[in-house]
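Enquirer: Got a predicted structure plus its sequence, pasted below:
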Amino acid sequence: MAMSMPAEQLQLLIAGYVLGDLSAEEAAEFEQLLAQNPAIATEVAQMQTALETAYAPAEVAPPAALRSQILAAAGAEEATGQPLSLHRSRPGGNWRILLEVAAAALIVALGINNYRLSQALQSSRAETEKYAALTLQLRATQANSSATAQVVVDPRSLKGTITVQNLPPLPAGKVYVLWTVLEPAAPFTTDDKDAILTQAFEVDDRGSSVQAIVVPPAFRTREWVSKVAVTMEDARAPQKHVGKPIVLTNL
């Protein structure tokens, strides 16, 4: 087995050695060549690693398009009556098929790994977005008003803050109330306006205030919260919810 053998033939022999498909005579000759040329061991190790990578991933369902392509290919083989054979039909043919099979397995494995990685990244991104801090900007409902409010919520702890500016001064016996308004089908107890009293607060003489708040569990699944609003209510019974929104935002 001369060192001048073509690179393609050497690669075929390496593949056969790794796959254990060499005859006893071929294996003995290759091992002799391997002993004489230690550099070939590096190529053997690389191919072995590639094959282990191809077969290491856990079984997962491939994308529907990949499954359809495989079934179509199988149907074509059945129609032509020429199924894939691993039996040697001509010198070197078996090695070429083995290499093609190994390469195909590696390509499929890498495709599945990429698919799994993509799914994992999407899941991680969704989980991050689900629990990311939520910032809501509330705007005045009247065109001639400069009132604004900002509500910041941590969905994990259900804690946050409300910052308001330029709200009208509070008359005696009145209080501002932050409401969390839910979708009609939300599985939470609400008033007749689908709202939950979230925080009652007062403002200074400039109509400003910064308050720590605790929000309802509905904020853990944003699909249930439809809007957040601030109204002016009777301080003795703010839960009656008779005031109209002064500032609000839709989610």
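Expert: Here it is on my side, so go on.
Enquirer: how many neighbours does the nearest residue to residue 34 once chain neighbours are set aside have?
Expert: Nearest residue to residue 34, sequence neighbours excluded (CB to CB, 6 or more residues apart in numbering): residue 40, at 5.3 Å. All C-beta atoms are positioned from the backbone trio N, CA, C, and that covers glycine. Look at residue 40: counted by other CB atoms under 10 Å, it has 18 neighbours.
Enquirer: What of the one 3 residues further on?
Expert: Applying the criterion other CB under 10 Å, we find 15 residues in the vicinity of residue 43.
Enquirer: Could you tell me whether the residue nearest to residue 34 really is in a helix?
Expert: Yes - counting by DSSP: H, G, I helix; E, B strand; the rest coil, residue 40 is part of a helix.
Enquirer: distance of it from residue 7?
Expert: Between residue 40 and residue 7 the computed distance is 11 Å (CB to CB, to the nearest Å).
Enquirer: Also residue 37?
Expert: On the measure of CB to CB, residue 37 and residue 7 end up 13 Å apart.
Enquirer: So the two - more neighbours on which side?
Expert: Set residue 37 next to residue 7 and count neighbours by other CB under 10 Å: residue 37 wins out with 11 against 7.
Enquirer: Backbone torsions only: list them for the more buried one.
Expert: phi -130, psi 80 (degrees, to the nearest 10).
Enquirer: any idea of the pLDDT on it?
Expert: In this model, residue 37 is scored at 83, pLDDT.
Enquirer: returning to what we had before: hmm, residue 31 and the residue nearest to residue 34 touching each other?
Expert: No - in this structure, residue 40 is not within contact of residue 31 by CB atoms under 8 Å, at 10.3 Å.
Enquirer: what sits against the residue nearest to residue 34?
Expert: Applying CB atoms under 8 Å, 6 or more residues apart in numbering, we find residue 40 in contact with 10, 14, 33-34.
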